[in-house]
Each structure stands twice: as structure tokens, then as C-alpha cells.
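Asker: Below is the sequence, then the predicted model.
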Amino acid sequence: MDGGSVSNGGPNFCVNGCQAFADTGTSLLMGPNADIKAINEFLNGTDNGDGTYDLDCTQFVQGQLPDVTFTIGGVGFSLSPAEYILADGDDCLSGFSYSTLFPATMWTMGDVFIGPYYTEFDFDVYNSCGNIQLCTGGGCQAIADTGTSLLVGPQHKIARINRAIGATYQSDGHVSAALIARINRAIGATYQSDGQYVMNCRSVQSLPTVTFTISGQAFPLTPVQYVLRQSVSYRGSERMF
């Protein structure tokens with residue numbers, strides 16, 4: 001992030017540039033204590049002692065509060081009072097908060113920022129295993145979600161990818177002794193009822209690369225990157241899948 005400012009003569013922050021990341025799992029916008037304090041003091045906020053600030057709803061209703069702008073990559077992203085204030089009746093909570101557990105050195109751009117400004121990708125083409133193309137005929141839409149650990153897509157397209165890398169379907173979602181034997185013999189394993197696939201870790205090096213092409217730029221994922229390793233205990237023994 002290049003920097004930030006508060007209109008109407010308010011303070012500047014992140015003056016020499018700073019680090020920031022988007023987090024869909026955070027409802028407010030969090031930052032370094034000193035910067036958050038300066039912003040909220042200019043808004044005449046009251047520190048609740050838990051990292052949050054209460055604001056005067058009267059100032060909000062009368063349009064007396066400023067915009068707060070974050071400059072990222074040379075582009076200014078302004079938040080209006082209606083966007084950074086969480087109003088509930090006569091209570092108004094500032095969307096700018098700090099951590100009471102540890103001093104923050106980076107900005108966490110939570111829902112207060114992601115709400116008006118979110119990332120959406122337009123896939124030009126989607127290549128899997130070098131010979132399967134998905135999202136053709138004009139591309140398809142995709143979003144980045146830091147609250148999702150896996151890559152999720154339309155069921156029939158995800159099924160095509162997993163068939164190409166040797167995964168098979170399992171209806172009940174449980175790992176049985178017979179299935180464990182099959183996993184150890186095969187390259188792929190079983191599709192679980194919760195939407196996830198189990199792969200044999202022994203076959204990771206032989207699996208193909210999956211490439212996403214976004215705005216003409218290829219983003220390949222190797223098997224080491226798209227296979228998540230975890231151990232499963234079964235009848236007293238632990239096995240890796």
C-alpha cells in the first residue's frame with residue numbers, strides 16, 4: 001500500500017508505504033495502533049479498550065465525517081462514512097480497529113474495505129493437464145477468497161479436473177480399509193461427499209500441472225502446490241494421503 005489519508009484536513013498514515021493484505025475472515029479494517037488511533041481521534045471516536053471505537057451517530061447523520069482513502073498501486077480507494085461506519089440504531093461503530101493482543105505492523109483489509117472493493121478475475125481460458133480446456137467461449141468469472149482453503153468451482157468442471165488426475169468418487173465420505181488399499185495401489189483416490197478429493201501422496205510427483213490463464217498470464221500449479229498433505233489414523237496405524 002502506497003499510503004493513506006483522511007479528508008477535511010485529517011491525518012496521513014502509511015506515509016512511506018506499508019504492507020497490507022485482504023482478509024475475508026475479518027469484519028473490520030485493522031491497522032497499526034498509532035495509525036488507527038490517529039484516524040479515530042480525528043473522527044472524535046471513543047476508545048472502547050477492546051480495539052474498537054464508538055463514533056457519534058449525530059456527526060454521521062449530519063454528514064460531518066470525512067472520507068478515508070487508501071492508495072494502492074497508485075490508485076486511490078476512498079471509503080465514505082456510510083462504508084466505514086457500522087450503524088445499529090443509536091450506536092455507531094468505527095470500521096477502523098487495532099489489535100489488543102499484539103502490535104500490528106500490517107494493515108488487514110477486512111470486510112469494511114472488501115465490501116465496496118473486491119477482486120474479481122476474468123479467466124481467459126482454463127487449462128488442465130495440457131489437453132482439457134474449461135471456461136472457454138468467453139471465459140468465466142472467479143473471485144479470490146482468503147477464507148477458503150481449497151479451489152472451488154462448478155461441480156462438473158471440478159469433476160473433469162479430478163478425473164484427469166486420477167481421482168475417483170466416494171459417496172459416503174469415509175475412508176475404509178478397502179479404499180486405503182486402493183489408494184496405495186492407484187495414482188488417485190476417492191472423491192468424498194463433502195466435495196473434497198483424497199489423493200495418494202506417493203503419486204504426487206507423477207501428477208500433472210494445472211494452469212490458470214488470467215488476462216493472458218499463465219499461473220501454473222504443480223502437484224506439490226495443489227495437493228494438501230495430511231495424515232489419517234486407521235486402526236492404530238497412521239498413513240499419509
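Answerer: It's in.
Asker: Outline the domain layout of the protein.
Answerer: If you go by automatic domain parsing, the domain ranges for the chain are 3-114, 120-240.
Asker: mind listing the helices in this protein by residue range?
Answerer: Along the chain, the stretches classed as helices by DSSP state H are 33-42, 57-61, 81-84, 111-114, 155-164, 177-185, 223-226.
Asker: worst average pLDDT in those helices?
Answerer: Of all these, mean pLDDT reaches its minimum on helix 177-185 (a mean of 41).
Asker: ok, back up a step: so which of the helices of the chain comes closest to Asp90?
Answerer: Closest of the helices of the chain to Asp90 is helix 57-61, at 5.9 Å (criterion: CB to CB). Using the backbone N, CA and C atoms, a C-beta is placed for each residue, glycine as well.
Asker: Please spell out which residues along that closest one are buried.
Answerer: Phe60 (16 or more other CB atoms under 10 Å).
Asker: Remind me what that helix packs against, helices and strands.
Answerer: When contacts are defined as 3 or more CB pairs under 8 Å, 6 or more residues apart in numbering; DSSP states H and E, helix 57-61 sits against strand 85-88, strand 91-94.
Asker: ok, 6 Å please
Answerer: Using 3 or more CB pairs under 6 Å, 6 or more residues apart in numbering; DSSP states H and E as the contact definition, helix 57-61 packs against no other helix or strand.
Asker: Show residues contacting it.
Answerer: Applying CB atoms under 6 Å, 6 or more residues apart in numbering, the contact partners of helix 57-61 are 65, 81, 85, 90, 92.
Asker: In contact with the second one, which residues?
Answerer: When contacts are counted by CB under 6 Å, 6+ apart, Pro81 touches 60, 65.
Asker: Mind listing the residues bridging to the residue lying closest to Gly31 once chain neighbours are set aside?
Answerer: Closest residue to Gly31 apart from its sequence neighbours, by CB to CB, 6 or more residues apart in numbering: Trp107 at 4.5 Å. Beta-bridge partners recorded for Trp107 (DSSP bridges): Ala20.
Asker: Model confidence for Trp107, exactly?
Answerer: You'll see Trp107 listed with a pLDDT of 94.
Asker: returning to what we had before: for the domains of the chain, which one ends up most surrounded?
Answerer: Of the domains of the chain, the one with the most neighbours on average (mean count of other CB atoms under 10 Å) is domain 3-114, at a mean of 16.
Asker: That one spans what distance, first to last residue?
Answerer: Domain 3-114 has an end-to-end distance of 17 Å (CA to CA, to the nearest Å).
Asker: which sections of the protein are below the confidence cut-off?
Answerer: 119-134, 136-138, 146, 165-197, 199-200, 215, 230-241 (pLDDT under 70).
Asker: mind exporting stretch 41-56 as CSV, just the C-alpha atoms?
Answerer: What follows is stretch 41-56 as a C-alpha-only set of coordinates in CSV (Å, rounded to 0.1, in the frame of the first residue of the first chain):
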residue,chain,number,x,y,z
GLU,A,41,-9.3,10.6,17.2
PHE,A,42,-9.9,12.8,14.2
LEU,A,43,-13.4,11.2,13.9
ASN,A,44,-13.9,12.1,17.6
GLY,A,45,-14.2,8.4,18.4
THR,A,46,-14.2,6.9,21.9
ASP,A,47,-11.8,4.0,22.5
ASN,A,48,-13.7,1.0,23.9
GLY,A,49,-10.5,-0.6,25.1
ASP,A,50,-11.0,-3.7,23.0
GLY,A,51,-9.6,-2.4,19.8
THR,A,52,-12.8,-0.8,18.6
TYR,A,53,-14.1,2.8,18.7
ASP,A,54,-17.6,4.2,19.1
LEU,A,55,-18.5,7.2,16.9
ASP,A,56,-21.1,10.0,17.3
